[in-house]
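In: I would like to see how this sequence folds:
(chains A, B, C and D)
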Protein chains: 2
Amino acid sequence: MVLAMLHALADKTRFTILQWMAKGAIATCCDRIAAFENGCCVADVVAVTGLAQPTVSHHLKVLEKAGLVHKEPRGPWTCYFPNPQAIDALLTTLRAELYPKNDAESNGSSCC
Amino acid sequence: MVLAMLHALADKTRFTILQWMAKGAIATCCDRIAAFENGCCVADVVAVTGLAQPTVSHHLKVLEKAGLVHKEPRGPWTCYFPNPQAIDALLTTLRAELYPKNDAESNGSSCC
DNA sequence: ATTCCATATCCATCACCATCGATATCGAAG
DNA sequence: CTTCGATATCGATGGTGATGGATATGGAAT
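Out: Numbers count the residues shown, from 1 in each chain, chains lettered A, B, ... in the order given. This next block holds a predicted model:
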């Protein structure tokens, strides 16, 4: 799941989408999304990125499969919301797995 | 630079290499690498991953360009070492840029 | 100078992916 | 039921990247 998240984030467009969501709800469907929800609909992402609608749908699907966002139909729109827990999990895993440990004891397969 | 790091990490092989480095120096050139350095040489990565040597060199180059590792010739070997500062920078940036902010004031381009 | 070892580079191949036009789906009105 | 708006899916295309064989480089030792 971590690799899927990293793959999802390692794309300029998808990173920008999440970045933009984190900043706050800027949507044409604001009557459906509260400010604290940080959500948006597909058309908003299309407007911001300038990409075609199928492309945006594709990116949002990747983000959703990675667990970084979740979607929810609200009225005429499909709204997407960021998932803070997923980001937390990612950060925690990255620190635990990639941060160098100089502790000789924790090194199961020690050297030489 | 963040996108480059994410791209570098979003590959199973490269993630495994960094993961394995973080665990500690397990190398055939241990007389050149102290345990606390968490380094290794190319041949070690070849042995662990089972990949061809050119492939491993390619992956290490990607990691180096992303700033996640740095290389240093030691005797007959080219040794690679993880860069904790880069990982720190990545984690800090991810939290700052992607973690949802529900603070209405910080939202420059507010909604509606 | 030659040989050997470790690694980097070159090059070709294959697979995956971002992109978008066309089309399908789906719900809400009218 | 038909229409319309919003989004998802399909299919094709171009580009990027992972992989490895062949080869070049570079240093150390004989």
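In: in chain A, which residue is closest to the centre?
Out: Among the residues of chain A, the smallest C-alpha distance to the mean C-alpha position (Cα atoms, centre = their mean) belongs to A:Leu68, namely 3.6 Å.
In: got a pLDDT number for the closest residue to it other than its chain neighbours?
Out: Leaving aside its chain neighbours, A:Leu68 sits nearest to A:Ala86 (5.0 Å; criterion: Cβ to Cβ, 6 or more residues apart in numbering or on different chains). To be clear about C-beta, it is placed using only N, CA and C from the backbone, and glycine gets the same treatment. Note for A:Ala86: predicted pLDDT of 97.
In: can you report how many residues neighbour A:Leu60?
Out: As a burial measure, the neighbour count of A:Leu60 was computed by other Cβ atoms under 10 Å in any protein chain shown and equals 21.
In: with adjacent residues omitted, what lies nearest to it?
Out: Using Cβ to Cβ, 6+ apart and skipping the chain neighbours, the partner closest in space to A:Leu60 is A:Tyr80 (5.5 Å).
In: ok, the one you found touching A:Cys41?
Out: Yes. The criterion here is Cβ atoms under 8 Å, and A:Tyr80 meets it with A:Cys41 at 7.3 Å.
In: neighbour count for those two, which is higher?
Out: With other Cβ under 10 Å as the criterion, A:Tyr80 and A:Cys41 differ in neighbour count, and A:Tyr80 comes out ahead with 27 against 24.
In: now do the same contact list for the more buried one.
Out: When contacts are counted by Cβ atoms under 8 Å, 6 or more residues apart in numbering or on different chains, A:Tyr80 is found next to A:21, A:39-42, A:45, A:60, A:63-64, A:69-72.
In: try it again at 10 Å.
Out: If you count contacts by Cβ atoms under 10 Å, 6 or more residues apart in numbering or on different chains, A:Tyr80 has them with A:17-18, A:21, A:27, A:33, A:38-42, A:44-45, A:60-61, A:63-64, A:68-72.
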